[in-house]
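Engineer: How does the following fold in three dimensions:
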Amino acid sequence: MYVIRQPHDKIFKRVMTDRDNAISMLKNILPAGIKDMLVLEDIQYEKDSFIPPHLKDYFSDLLTSVPVKGQKYKVKVYFLFEHKSYYVKNYPLQILRYLLEIWEQYQSLTKETGEKLPLIIPLLIAHPEGGWERKDMSDLLAIPSNDFKVFIPEFEHIVYDSVNENPEDYNFVETLKALLVIWRYFDSPDFFKHLGDAFKLIKKVRPETKFKDFVTSFMEYLIQTRREEEYIEIQKIAEKEFSGGDVMQTIADMFRKEGVQEGVILGRQEGGLENAQDTLIDLAAEIYGPLPGMLPVKIKSIQSMENLRALIRKVIRTESLDEFTELVNRAAHN
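Structural biologist: Now for the predicted structure:
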């Protein structure tokens, strides 16, 4: 199976670069007083990413400009998507670093005019296992007493926790809600039930060309992030929800390229532990290159099918070979 190195980044940018989705997110997430002052329908996307290369596997970003009603000013809204597999306690420091990089770039562009720097609203969309805990800069620093808090570079930011937030509590448009439903139930035993709900939402998308494009993007994302033994069930749900349309041929072709024919998948499952071990080794090697030393041996020592399936599912979301090795070591000792 071919692995997209950053499947979470790809689906995030595909969904959030659709203006309807970005506007829908802002309408539902921004405080009412701020939202009412902005011309959200005139949102514009900026080209640059401010994520350093070594963090691009774990964070994705989009910078947008939104006009203020009745004024010449534009407010920057910075969409930051976290796709690590675990909670990052020092994330306010990372956001602050990105804000400074944006301001430094604008400072270099406005050096001659003396124009003031733009105000930036940071919006973090988090998708770790177990959910997200909101932090401020003051939570990261050792503070002798409250008197010292005046020296802390605090800033306000908005967090959407895609694991614990319920998309049904918001009036999101269809494709945005579909993605957030998939993320919320990604590790749930009821994933397939809610996948059907997500497909029902996508089915409402118009025009037809946009519908087909989003179906293809979502199916590609699922193929790259779910286990092979789940492909048949995903295809069945897609056939049920998207039946009767031209898009079914596209879906069938995508799964056929992955070898998804019932006999093939069942044959792989019958291989049991050995097949799961080999699948994990191959998948990790596609992501990180040839595995070092005793790591393949350690993987072969894992005798729990449940642990192997969990590792296959998590390997794409690991941030480094060291993190993956740590997960393997834990699984081998359980």
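
Engineer: residue ranges of the helices in this structure, please?
Structural biologist: 7-16, 19-29, 32-35, 91-109, 174-184, 191-202, 208-225, 231-241, 247-257, 262-270, 272-288, 295-300, 305-314, 321-333 (DSSP state H).

Engineer: tell me, how many neighbours does the residue lying closest to Pro118 once chain neighbours are set aside end up with?
Structural biologist: Excluding the flanking residues, the one nearest Pro118 by CB to CB, 6 or more residues apart in numbering is Lys76, at 4.7 Å. For glycine as for every other residue, the C-beta is placed from the backbone atoms N, C-alpha and C. Look at Lys76: counted by other CB atoms under 10 Å, it has 19 neighbours.

Engineer: any idea how far Glu101 is from Lys76?
Structural biologist: Separation of Lys76 from Glu101 (CB to CB, to the nearest Å): 12 Å.

Engineer: Kindly report the same for Asp48.
Structural biologist: Separation of Asp48 from Glu101 (CB to CB) stands at 9 Å.

Engineer: Tell me where the stretch 51-200 of the chain has strands.
Structural biologist: In the stretch 51-200 of the chain, the strands defined using DSSP state E, counting those that start in this stretch lie at 59-67, 74-82, 120-126, 158-161.

Engineer: Could you dump those into JSON lines with distance to Leu201 and mean pLDDT added?
Structural biologist: What follows is the strands of the stretch 51-200 of the chain, written out as JSON lines (distance: least, CB to CB, whole Å; pLDDT from 0 to 100):
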{"stretch": "strand 59-67", "distance to Leu201": "22", "mean pLDDT": "91"}
{"stretch": "strand 74-82", "distance to Leu201": "20", "mean pLDDT": "92"}
{"stretch": "strand 120-126", "distance to Leu201": "18", "mean pLDDT": "95"}
{"stretch": "strand 158-161", "distance to Leu201": "17", "mean pLDDT": "95"}
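
Engineer: I'd like the ones you listed as CSV, with distance to Arg317 appended.
Structural biologist: CSV is the format used below for these (distance: least, CB to CB, whole Å):
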stretch, distance to Arg317
strand 59-67, 13
strand 74-82, 11
strand 120-126, 13
strand 158-161, 16
